[in-house]
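> no sequence on this one, just coordinates:
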């Protein structure tokens, strides 16, 4: 295990972007709140994380916490109607925690699979609660298309200059693998 594994690493720029995205998630109308979530969740490098008592809160999980706070604070969960697919998804999540923990027989495995399940459940509930009609789905799709264009431009620049544009945010310094 590398000593970096138990350390918080959040670049100040990422911290500012996460707080800005979190503020927008909390303040924007529901149909637009998914835009800052998607942009921050996709553009922030995965190494950015906060470690509290050995538990990793990656940027994606921190963004999901903003989403959960918003959903609870604004009562957006009130229109949520549990259906068969929801029950099956929750059963899968519970079963994955139990089976993975029993398979690996360690507290670390429990922490790891619980974090991954939190990510899956959070994203599932975000989609179920926030994407209520076709207009909201179109906003999410347009946001993803815009992100694809931005990421395509970034990848093209990485290819031309052989430099990872996000490397200044990374824990490990190296060149792009393209």
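Alright, I've got the coordinates. Computed from a prediction, not measured in an experiment: that's the story for all the values here.

> only C-alpha atoms for contact and neighbour calcs from this point on.
Fine.

> Give me the most central residue, this protein.
Most central in the chain under CA atoms, centre = their mean is residue 60, positioned 2.5 Å from the mean C-alpha point.

> where in this structure is pLDDT low?
The chain contains residues with pLDDT under 70 at 1-6, 168-178.

> Which helix in it has the most residues?
helix 134-161 (DSSP state H).

> what comes up buried for it?
Residues 136, 137, 139, 140, 143, 144, 147, 155, 158 are the ones in helix 134-161 that count as buried (16 or more other CA atoms under 10 Å).

> what's near enough to touch residue 59?
Contact analysis of residue 59 by CA atoms under 8 Å, 6 or more residues apart in numbering lists 18, 41, 44, 46, 48, 49, 50.

> quick one: which of the buried residues of helix 134-161 is nearest residue 85?
Set against residue 85, the nearest of the buried residues of helix 134-161 by CA to CA is residue 137 (18.8 Å).

> if I pick the closest one, what's in contact with it?
residue 131.

> Can you give me the distance of residue 33 to residue 152?
For residue 33, the distance to residue 152 equals 24 Å [CA to CA, to the nearest Å].

> coming back round to it: next, format the contacts of residue 59 as JSON lines and append secondary structure and neighbour count.
Shown next, in JSON lines, are these (DSSP: H, G, I helix; E, B strand; the rest coil; neighbours: other CA atoms under 10 Å):
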{"residue": "18", "secondary structure": "helix", "neighbour count": "23"}
{"residue": "41", "secondary structure": "helix", "neighbour count": "20"}
{"residue": "44", "secondary structure": "coil", "neighbour count": "20"}
{"residue": "46", "secondary structure": "coil", "neighbour count": "14"}
{"residue": "48", "secondary structure": "coil", "neighbour count": "20"}
{"residue": "49", "secondary structure": "strand", "neighbour count": "22"}
{"residue": "50", "secondary structure": "strand", "neighbour count": "19"}
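
> Which pair of these spans the longest distance?
41 and 50 (14.9 Å).

> so how many other residues sit close to residue 38?
For residue 38, the count of nearby residues is 17 (other CA atoms under 10 Å).

> hang on, isn't it packed against residue 142?
No. Here residue 38 does not reach residue 142: they are 10.9 Å apart, not a contact under CA atoms under 8 Å.

> what are the ranges of the strands in this structure?
49-52, 55-58 (DSSP state E).

> which of these is buried the deepest?
strand 55-58 (a mean of 18; mean count of other CA atoms under 10 Å).

> Which strands or helices does that strand pack on?
In terms of contacts (3 or more CA pairs under 8 Å, 6 or more residues apart in numbering; DSSP states H and E), strand 55-58 is packed against strand 49-52.

> who's in contact with the strand it packs on?
6, 7, 8, 9, 10, 56, 57, 58, 59.
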